[in-house]
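Enquirer: Give me the fold of what follows.
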Amino acid sequence: MDAGVVRSASGNRGDRRHGDAAWPEMRVRIFEADPRLLATVPTEAQRRLRGVTVPVRVLKPGPWVPRMRAGEPALGFLVLEGVISLQTDLFGRTAVEIMGPGDPMLPGEESDPGILSFESRWRVVTKSRLAVLDPSFKAKLRVMPDVTEALMRRTRESARALRRQHAIVGIPDVAQRLLAMLWHLGDRWGRPEKGTVVLEVRLTHDLLAELVHCARETVTRRLKLLREKRLVTSRNDGFLVLHGLPPIQQKELAAFVASTGRFEPGQSDVTEVTSTLDST
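Expert: Below is the predicted model:
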């Protein structure tokens with residue numbers, strides 16, 4: 001059983017219709033599952049909080065329509081494991097935001113009405129676990145201001161990451177764009193290891209294609225190029241590994257992926273990028 005998980009006696013077996021795995025209902029010791037939430041909490045208080053539990057959802061890969069159960073969620077979800085994407089469509093263009101371990105989520109906000117007619121879709125990319133920040137947890141936050149600030153800080157970090165992702169999409173060279181995106185994701189979910197950075201989220205070629213706005217086949221070819229140049233390798237567990245140092249300027253990025261396989265503007269396998277997100 002995963003660390004911090006406590007089985008409930010209720011035996012609720014989830015909801016197959018909306019991606020919830022048919023597991024018995026469980027709860028998770030949230031501060032064991034995500035100890036960074038207590039980073040600024042005094043040690044004595046940390047000991048008192050270790051036993052705090054919240055409901056946990058297990059989601060299978062595929063389309064996901066969030067369904068709120070009675071009394072949840074008050075503050076949304078916190079991703080404990082896996083990758084979930086939110087696709088927003090407008091006039092035939094798609095923007096993708098991804099959530100991974102440590103990211104807060106509040107499904108429902110994406111459907112707020114606006115002048116333009118946007119369409120949004122959630123998708124579970126890899127098997128995921130979500131902590132449900134239910135009303136009981138919200139009530140406990142009244143005496144946990146440091147945890148409240150940690151969640152707010154993560155929300156701000158997610159917004160900043162989305163702006164940076166949006167800037168990367170404007171790089172015209174696909175290989176450069178892909179490498180920059182991988183380093184950006186490494187900044188969010190990477191772990192340093194012996195001079196490399198291990199991306200501890202599983203990224204499908206389909207998801208990478210959505211993130212860098214090109215065809216899946218193009219991502220596969222460019223990823224092969226980056227592997228040939230030993231800029232990226234794959235581990236047996238499916239995680240990607242980034243080698244060397246992250247590029248600081250675009251000329252460094254270009255130097256990393258120059259020569260063989262270089263993209264030239266106008267190639268048919270690259271889609272034109274048009275912004276649909278607020279860049280502020």
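Enquirer: what's the spacing between residue 237 and residue 226?
Expert: Applying Cβ to Cβ, to the nearest Å, the value for residue 237 to residue 226 is 19 Å. Where C-beta positions appear, they are placed from N, C-alpha and C, glycine not excepted.
Enquirer: That should have said residue 203, apologies.
Expert: Here the criterion is Cβ to Cβ. By it, residue 203 lies 13 Å from residue 226.
Enquirer: what does residue 118 give?
Expert: Distance from residue 118 to residue 226, by Cβ to Cβ: 33 Å.
Enquirer: before we move on, what about residue 98?
Expert: Residue 98 is 20 Å from residue 226, by Cβ to Cβ.
Enquirer: those helices in the stretch 101-250 of the chain, which residues are they?
Expert: 135-140, 145-168, 174-189, 205-212, 216-228, 250-257 (DSSP state H, counting those that start in this stretch).
Enquirer: returning to that earlier point: so for residue 118 and residue 226, which residue has more residues nearby?
Expert: Taking other Cβ atoms under 10 Å, residue 118 and residue 226 do not tie; residue 226 has more neighbours (21 against 16).
Enquirer: which outside residues touch stretch 174-182?
Expert: Contacting residues not belonging to stretch 174-182 are listed as 165, 168-169, 171, 199, 208, 211-212, 214, 218-219, 222-223, 225-226, 231-232, 240, 242, 247, 250, 253-254, 256-257, 261-263, 270 [Cβ atoms under 8 Å, 6 or more residues apart in numbering].
Enquirer: Report the rounded mean pLDDT for it.
Expert: Averaging pLDDT along stretch 174-182 gives 94.
Enquirer: Likewise for stretch 90-102?
Expert: 90.
Enquirer: likewise stretch 39-55?
Expert: So the average pLDDT for stretch 39-55 ends up being 88.
Enquirer: Same question for stretch 248-268.
Expert: On average, stretch 248-268 scores 57.
Enquirer: same thing with stretch 221-229?
Expert: pLDDT averaged over stretch 221-229 gives 92.
Enquirer: Distance from the chain centre to it, please.
Expert: With Cα atoms, centre = their mean, to the nearest Å as the basis, stretch 221-229 stands 23 Å off its chain's centre.
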